[in-house]
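**Student:** fold the following.
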Amino acid sequence: MVFRYLMDTTFPDLRSYGGADAFLRACKPRTVLDLFTSKWTGLVMGALLDGPRRFNELRRMLDGLTQKMLAQTLRGLERDGVVTRTVYPTIPPRVEYELTDLGRSAIGVLQAIGEWAGEHADDVIAARQAYDERAEQPLKPLRPV
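**Tutor:** Numbering: from 1, shown residues only. This next block holds a predicted model:
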């Protein structure tokens, strides 16, 4: 488990000093985990798995992703060193995005999450439906009135 790893590789006794702990805001591994909490990060990285792609290719592949959100996601991934952006000197300029070695090193983790999602999608959907049905029921008093 990711959080177990983070806790085991940090020093809980340093909390009182503001030191390393996965549950502290400033913990380095936690700041990197933020990279993968974006709704679109895994899908964009997956779309780049087979090689470089142009912006509009990515946009067509990723149904529901707006141009603005794709631009923000790619910019963030580039900033984090996970994606490179290459501009070719053509008219009009051609821009391609590609995973870096660092980005490719995270693909196994993203594939594992994708496999888990595929295996448990029906369970999650059923749980959501059951929750929504319970939420629609009127509240019952704890004691008879």
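
**Student:** residues of stretch 77-96 that come out buried?
**Tutor:** Buried residues in stretch 77-96, counted by 16 or more other C-beta atoms under 10 Å: 77, 80, 82-84, 96. In this view, the C-beta of every residue, glycine as well, is placed from N, C-alpha and C.

**Student:** how much space is there between the most centrally placed residue in the chain and Asn56?
**Tutor:** Note on the chain: the residue nearest the mean C-alpha position is Phe36, at 3.0 Å, using C-alpha atoms, centre = their mean. Between Phe36 and Asn56 the computed distance is 25 Å (C-beta to C-beta, to the nearest Å).

**Student:** in whichever strand or helix holds Leu102, what's buried?
**Tutor:** Using DSSP states H and E, Leu102 sits within helix 101-105. Buried residues in helix 101-105, counted by 16+ other C-beta under 10 Å: Gly103.

**Student:** domain boundaries for the chain, per the record?
**Tutor:** As assigned by automatic domain parsing, the chain contains the domains 1-37, 49-100, 106-136.

**Student:** can you give the distance of the last one from its chain's centre?
**Tutor:** Relative to its parent chain, domain 106-136 has a centroid offset of 15 Å by C-alpha atoms, centre = their mean, to the nearest Å.

**Student:** could I get the buried residue list for that domain?
**Tutor:** Across domain 106-136, burial judged by 16+ other C-beta under 10 Å covers 106-107, 110.

**Student:** switch those over to TSV; also include distance to Val32.
**Tutor:** Converted to TSV, the buried residues of domain 106-136 look like this (distance: C-beta to C-beta, whole Å):
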residue	distance to Val32
Ala106	10
Ile107	15
Leu110	14
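
**Student:** out of these, who's nearest Leu49?
**Tutor:** If you rank these by distance to Leu49 using C-beta to C-beta, Ile107 comes first, at 6.2 Å.

**Student:** what's the helix or strand for the residue lying closest to that closest one once chain neighbours are set aside?
**Tutor:** Take Ile107 and drop its neighbours on the chain: the residue closest to it by C-beta to C-beta, 6 or more residues apart in numbering is Leu49, 6.2 Å away. If you go by DSSP H and E, Leu49 is not part of any helix or strand.

**Student:** next: Arg60.
**Tutor:** Assigned by DSSP H and E, Arg60 belongs to helix 55-61.
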